[in-house]
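[1] dropping a prediction and its sequence here:
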Amino acid sequence: MSAAVRQFTLSLPSELRLLSVARSFVEAVGQACGWPSSVVHAVVLAAGEAVANIIRHAHRDMPAAHIQLRLQTDGDGVVLTLEDEGRPFDFAAVPFMNPRELRIGGRGVYVIRSLMDEVVCQPRGAGQSGNTLRMVKRFGPVPARAV
């Protein structure tokens, strides 16, 4: 399935009280674009976890920092990209945790990995501080990954 690519952006100050704005933005775009409800739900949850982690961890000592959210969608799926201004973060270094492990907190990366089909986090381009988190959710079955 193929459709015209549509892109939506939102810039937010790094404040926990605005987390609901990020979630509402993602949900509104998904509904307006006609995503399946399972995709809307997954992307809203993943976005909420990612934004909360950026605010709490990457921007912990940076009250003036901002987060850029970009949603790009076509007939095949959605790409959610978040750019922060925080310290470099190695998403791949976060261990895959046992979901049955009892502990408070530390589930955001697990939730994101579980909900999304692809997740890549890397430092932003030359001369820019921060990270770019790119998450992909497809509308159909996930193609088999090459080993």
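    Thanks, I have the structure now.
[2] which parts of the protein are helices?
    Counting by DSSP state H, the chain forms helices over residues 19-33, 37-53, 108-115, given from the N-terminal end onward.
[3] just the ones you listed: most buried one?
    By mean neighbour count, with neighbours taken as mean count of other C-beta atoms under 10 Å, helix 37-53 ranks first of those at a mean of 20. Glycine gets a C-beta too; all of them are placed from N, C-alpha and C.
[4] follow-up on the earlier one: in TSV, list the helices of the chain along with mean pLDDT and distance to residue 73.
    Compiled in TSV, the helices of the chain are given as follows (pLDDT from 0 to 100; distance: least, C-beta to C-beta, whole Å):
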stretch	mean pLDDT	distance to residue 73
helix 19-33	97	5
helix 37-53	96	9
helix 108-115	90	16
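[5] just name the shakiest helix or strand of the protein by mean pLDDT.
    The element with the least model confidence among the helices and strands of the chain, by mean pLDDT, DSSP states H and E, is helix 108-115, at a mean of 90.
[6] so what touches that helix?
    Applying C-beta atoms under 8 Å, 6 or more residues apart in numbering, the contact partners of helix 108-115 are 42-43, 45-46, 49-50, 52-53, 91, 94, 96-97, 99, 119, 135, 137.
[7] stretch 53-70 now?
    Residues outside stretch 53-70 that contact it (C-beta under 8 Å, 6+ apart): 7-16, 19, 22, 25-26, 47, 51, 79-87, 89, 108-109, 130-131, 133.
[8] out of the helices of the chain, which gets nearest to residue 71?
    Nearest of the helices of the chain to residue 71, taken as C-beta to C-beta: helix 19-33 at 5.1 Å.
[9] sounds good, over and out.
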